[in-house]
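Enquirer: Build me a structure from this.
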Amino acid sequence: MKYIASIDQGTTSTRCIIFDRKGNIVSVGQKEHEQIYPKPGWVEHNSEEIWKNTLEVIARARIEKSIKTEDVAACGITNQRETTVVWNKRTGKAYYNAIVWQDTRVDDTVKALTKSHGSQFFQDRTGLPLATYFSGLKIKWILDNVPGVREDAEKGQAIFGNMDTFLIWHLTGGINGGLHITDVTNASRTQLMNLKTMSWDAELAEIMNIPLQMLPAIEPSSKVYGNITSEVLQGIPLAGDLGDQQAALVGQTCYQPGEAKNTYGTGCFMLMNTGTELVPSKHGLLTTVAYQFEGQPVHYALEGSVAIAGALVQWLRDNLGMIQKSTDIEKLAKSVEDNGGAYVVPAFSGLYAPYWKSSARGVIAGLTRYVNKGHIARAVLEATAYQTKDVLEAMENDSGIEISSLRVDGGMVVNELLMQFQSDMLKVPVIRPTMIETTALGAAYAAGLAVGYWASFDDLLQNWGVDKRWKPKMKATQRNTLYKGWKKAVKRSFDWEK
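Expert: Coordinates of the predicted model:
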């Protein structure tokens, strides 16, 4: 067996990447899907379109290098995490579009539950504060607002899954006995799983009025769940399942407590491995499951989630038309020496960690006649670095561990101006690995370990190599002035929506 296949179902596209034993990319198939915005603050995907795209990208990845099924040892899957689908297990059809993690339609329910139970009640059990972000309240919205779903759920016909569960069900048979499962990392993002017991919490499900029979079985992140029946990878063991940010942690080989990675994608997500110890956050972070390999204890992580990072560059491109393609932003930002006093706070759907302000909205602050589009482009890039600094400070306060360097991955790490500024802001080296597709790689590692393609974590550690390292150059006075301006701008974004 030569290869491992990895399905990476992301927020904007679906990919299949095929890796070899050294963790190198052999072949890639990728396809974007439609972003649906029915109302302000609402974000949806067509789950049927994503399923068809998944089959297409697997086929493309195989065709590109003439890879036969017998050359593939196993397949892993990673996914945009909290995005929620409810479908009928007899027809295989979704009752409603997938509600995406960024969607804010359940804000009123968040407020009502905060009043009746308090956010801490949920955080103590699930590691997650009450927020529009997580899957549980999205399931509740579908049950309450889409005709016929609640009745079908009570009968055991309507079932829930994040995108991993939806795709695994289809890949392993669908209406003909497809596996209805998820892994511990994805389950930990629903706000329905108890972090101490690793099982669904009946009281939380009752509070949200969600029938327990809708929920998938919870499995380890690395295990042979069953074989794929779909002809694109027929007979291949499906053996790994991780939420995208946890997959990146595994792909970055952050297996020791205190090791951290930051993924710069649509949003920005920093995770620190805290080992087998569950560390409650007092500074606005999430306590989440890092991974669990079959036969081993669960490993936990602290996570700082930033809703808008790369999506802000897309907004500059698509909504304002300032750049033709996303990569143009670096050149535009380099046309000026600094941000000209301008700050962009991308609170398009509220602010996530460490603020958790669903009533915040985006602002551009500090504008003068001096500011031009170069300054705006620079402020857009800097916003991601400032948000990462906010999260890192909270992480160090919660864990008591000072991070000595930051491993980075995701689409934005090709932007060298951003990476240097990030190092300047954090006062630590920023390290980009040779392989920046760490999300897909993490899912491949989980699947490969389950079938013995890789023997141990040591094999994976040997695959990790450094591509580039940025060291801080900025003077402390400049750093402090810039960050103070950011903090001021963030406050201006609060309580815009009542």
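Enquirer: Can you show me the helices along the stretch 101-250 of the chain?
Expert: Under the criterion DSSP state H, counting those that start in this stretch, helices of the stretch 101-250 of the chain are mapped to 107-116, 119-126, 135-145, 149-154, 163-171, 184-187, 202-207, 244-251.
Enquirer: Any chance of TSV for the ones you listed, columns mean neighbour count and mean pLDDT?
Expert: To be clear about C-beta, it is placed using only N, CA and C from the backbone, and glycine gets the same treatment. Output for these, formatted as TSV (neighbours: other Cβ atoms under 10 Å; pLDDT from 0 to 100):
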stretch	mean neighbour count	mean pLDDT
helix 107-116	14	93
helix 119-126	18	92
helix 135-145	22	97
helix 149-154	18	96
helix 163-171	27	97
helix 184-187	28	97
helix 202-207	15	96
helix 244-251	31	93
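Enquirer: Out of the ones you listed, which is closest to residue 292?
Expert: helix 184-187 (4.9 Å; Cβ to Cβ).
Enquirer: Please name every helix or strand in contact with that closest one.
Expert: Under the contact criterion of 3 or more Cβ pairs under 8 Å, 6 or more residues apart in numbering; DSSP states H and E, helix 184-187 touches strand 217-219, strand 237-243, strand 286-291.
Enquirer: May I see the helices of the stretch 101-250 of the chain organised as JSON lines, with distance to residue 297 added?
Expert: Below are these laid out as JSON lines (distance: least, Cβ to Cβ, whole Å):
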{"stretch": "helix 107-116", "distance to residue 297": "31"}
{"stretch": "helix 119-126", "distance to residue 297": "19"}
{"stretch": "helix 135-145", "distance to residue 297": "24"}
{"stretch": "helix 149-154", "distance to residue 297": "33"}
{"stretch": "helix 163-171", "distance to residue 297": "22"}
{"stretch": "helix 184-187", "distance to residue 297": "11"}
{"stretch": "helix 202-207", "distance to residue 297": "23"}
{"stretch": "helix 244-251", "distance to residue 297": "15"}
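Enquirer: among those, which is nearest residue 314?
Expert: Nearest to residue 314, of all the helices of the stretch 101-250 of the chain, is helix 244-251, at 17.6 Å by Cβ to Cβ.
Enquirer: Can you identify the element that follows the closest one toward the C-terminus?
Expert: As assigned by DSSP states H and E, the chain's next helix or strand after helix 244-251 is strand 260-264.
Enquirer: who does that next one pair up with?
Expert: Partners of strand 260-264 in the sheet, by DSSP bridges, are strand 268-275 (antiparallel), strand 406-409 (parallel).
Enquirer: Rounded mean pLDDT for that strand, please.
Expert: The average pLDDT for strand 260-264 rounds to 90.
Enquirer: Now that strand - C-alpha only, CSV.
Expert: The C-alpha coordinates for strand 260-264 follow below in CSV (Å, rounded to 0.1, in the frame of the first residue of the first chain):
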residue,chain,number,x,y,z
ALA,A,260,0.6,25.1,20.0
LYS,A,261,-0.3,25.8,16.4
ASN,A,262,-2.3,28.6,14.6
THR,A,263,-4.2,27.9,11.4
TYR,A,264,-4.9,30.9,9.2
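Enquirer: Check the offset of the helix or strand where residue 62 lies from the chain's centre.
Expert: For residue 62, the host element (DSSP H and E) is helix 47-64. Its chain's C-alpha centre and that of helix 47-64 lie 20 Å apart, by Cα atoms, centre = their mean, to the nearest Å.
Enquirer: nearest to residue 289, of the helices of the stretch 101-250 of the chain?
Expert: Across the helices of the stretch 101-250 of the chain, closest to residue 289 is helix 184-187 (Cβ to Cβ), at 4.6 Å.
Enquirer: thinking again about what came up before, minimum distance to residue 389: which of the helices and strands packed on helix 184-187 has it?
Expert: Smallest distance to residue 389 across the helices and strands packed on helix 184-187 (Cβ to Cβ): 17.7 Å, for strand 286-291.
Enquirer: so how far is the closest one off the chain centroid?
Expert: Distance, stretch centre to chain centre, for strand 286-291: 12 Å (Cα atoms, centre = their mean).
Enquirer: Can you list the strands that that strand pairs with?
Expert: Applying DSSP bridges, one finds strand 286-291 paired with strand 299-306 (antiparallel).
Enquirer: Not counting its own residues, what contacts the helix or strand following the strand it pairs with?
Expert: Sequence order places helix 310-318 as the next helix or strand after strand 299-306, per DSSP H and E. With contact meaning Cβ atoms under 8 Å, 6 or more residues apart in numbering, helix 310-318 is reached by 264-268, 322-326, 328-329, 344, 346, 348, 376-377, 380-381, 383-384, 410-412.
Enquirer: So which of the residues you listed belong to strands?
Expert: Judged by DSSP state E, the subset of those located in strands is 264, 268, 344.
Enquirer: Looks like the second one contacts residue 306 (just checking).
Expert: Yes: counting by Cβ atoms under 8 Å, residue 306 is a contact partner of residue 268 at 3.9 Å.
Enquirer: re earlier: filter the ones in strands among the contacts of helix 310-318 down to the buried ones and express that as a ChimeraX selection.
Expert: Selection command for ChimeraX covering only the buried members of the ones in strands among the contacts of helix 310-318, criterion 16 or more other Cβ atoms under 10 Å:
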select :264,268,344
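Enquirer: What is the burial count for residue 295?
Expert: As a burial measure, residue 295 scores 8 neighbours (other Cβ atoms under 10 Å).
Enquirer: May I have the secondary structure class of it?
Expert: Three-state call for residue 295 (DSSP: H, G, I helix; E, B strand; the rest coil): coil.
Enquirer: Next one: it relative to residue 223, how far apart?
Expert: Between residue 295 and residue 223 the computed distance is 9 Å (Cβ to Cβ, to the nearest Å).
Enquirer: Please list all residues in contact with the residue of the chain most remote from its centre.
Expert: Computed with Cα atoms, centre = their mean, the maximum C-alpha offset from the centroid of the chain is found at residue 369, amounting to 38.0 Å. With contact set as Cβ under 8 Å, 6+ apart, residue 369 has no partners.
Enquirer: same deal with residue 201?
Expert: Shown in contact with residue 201 (Cβ under 8 Å, 6+ apart): 125-126, 192-194.
Enquirer: all helices of the stretch 351-498 of the chain, in order?
Expert: 373-399, 416-426, 438-450, 457-463, 476-493.
Enquirer: From residue 341, how far off is residue 73?
Expert: According to Cβ to Cβ, residue 73 and residue 341 sit 55 Å apart.
Enquirer: And these two? Which one has more around it.
Expert: Ranked by neighbour count (other Cβ under 10 Å), residue 73 and residue 341 place residue 73 first, with 22 against 14.
Enquirer: how close does the residue nearest to the more buried one when sequence neighbours are not counted sit to residue 295?
Expert: Distances taken as Cβ to Cβ, 6 or more residues apart in numbering place residue 1 nearest to residue 73, at 3.6 Å, with adjacent residues excluded. The gap separating residue 1 from residue 295 is 22 Å, by Cβ to Cβ.
Enquirer: if we can go back for a sec, I'd like the ones in strands among the contacts of helix 310-318 as a markdown table, with distance to residue 247 appended.
Expert: Converted to a markdown table, these look like this (distance: Cβ to Cβ, whole Å):
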| residue | distance to residue 247 |
| --- | --- |
| 264 | 15 |
| 268 | 16 |
| 344 | 29 |
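Enquirer: Looking at the ones in strands among the contacts of helix 310-318, spot the one nearest residue 204.
Expert: The shortest gap between residue 204 and any of the ones in strands among the contacts of helix 310-318 belongs to residue 268, at 27.9 Å (Cβ to Cβ).
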